[in-house]
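K.L.:
Here is a sequence with its predicted model. Questions after.
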Amino acid sequence: MTDKSIRFRPAEPADASAIRDIVRAAYAKWVPVIGREPLPMRADYEKAVAEHPFDLAIEDGRIVGMIETMLADDHLWIENVCVAPEAQGRGIGRLLLERAEGKAREAGRRELRLLTNGAFEANVLLYKRHGYVIDREEPFMEGMTVYMSKRLAI
């Protein structure tokens with residue numbers, strides 16, 4: 001399912017504009033669903049790349065997916081994960097989530113956490129398929145934020 005031509009590398013400051021472009025493209029489909037741009041579309045990626053690790057999925061020299069993570073005391077936080085619309089459905093998102101699991105294990109963390117918009121039903125289902133459970137839901141900006149986590153065996 002996944003292309004053998006996908007490789008991974010850490011993001012560098014020069015990647016910030018390409019990351020912003022892929023995030024905007026990946027999240028654009030949700031604008032009509034929630035009636036506004038999702039928060040990742042508004043993030044400052046120059047600042048984010050300087051402050052957080054990003055792993056990039058690269059195909060033919062182009063970024064086709066990315067995951068932004070942050071190490072916390074007791075878990076690995078997934079701030080953002082997305083795949084370019086034209087590259088979706090090929091397992092790239094799964095590979096990015098697996099990379100986050102590897103980072104968590106390497107750091108001795110037994111849990112990954114993330115949040116998503118409850119209106120992004122396809123994303124909630126995707127995370128559930130990959131072993132994440134819903135911890136809680138909270139109202140946010142006329143919608144519902146879904147907090148999810150996955151326990152790891154180390």
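P.N.:
That came in fine, so what should we check first? Keep in mind that this is a model prediction, so the values were computed, not measured.

K.L.:
going forward, measure contacts and count neighbours with C-alpha atoms only.
P.N.:
Will do.

K.L.:
neighbouring contacts of the longest helix seen in the chain?
P.N.:
Longest helix in the chain, counting residues (DSSP state H): helix 92-106. For helix 92-106, the surrounding residues in contact (Cα atoms under 8 Å, 6 or more residues apart in numbering) are 2, 55, 57, 65-67, 69, 71, 75-76, 78, 81-83, 110-112, 130, 152, 154.

K.L.:
Packing partners of the host helix or strand of Ile63?
P.N.:
For Ile63, the host element (DSSP states H and E) is strand 62-71. For strand 62-71, the packing partners by 3 or more Cα pairs under 8 Å, 6 or more residues apart in numbering; DSSP states H and E come out as helix 16-27, strand 54-59, strand 76-83, helix 92-106.

K.L.:
wait, which of these is closest to Pro139?
P.N.:
When the helices and strands packed on strand 62-71 are compared by Cα to Cα, strand 76-83 sits nearest Pro139, at 18.6 Å.

K.L.:
I'd like to know how far Ala50 sits from Val64.
P.N.:
As judged by Cα to Cα, to the nearest Å, Ala50 and Val64 stand 20 Å apart.
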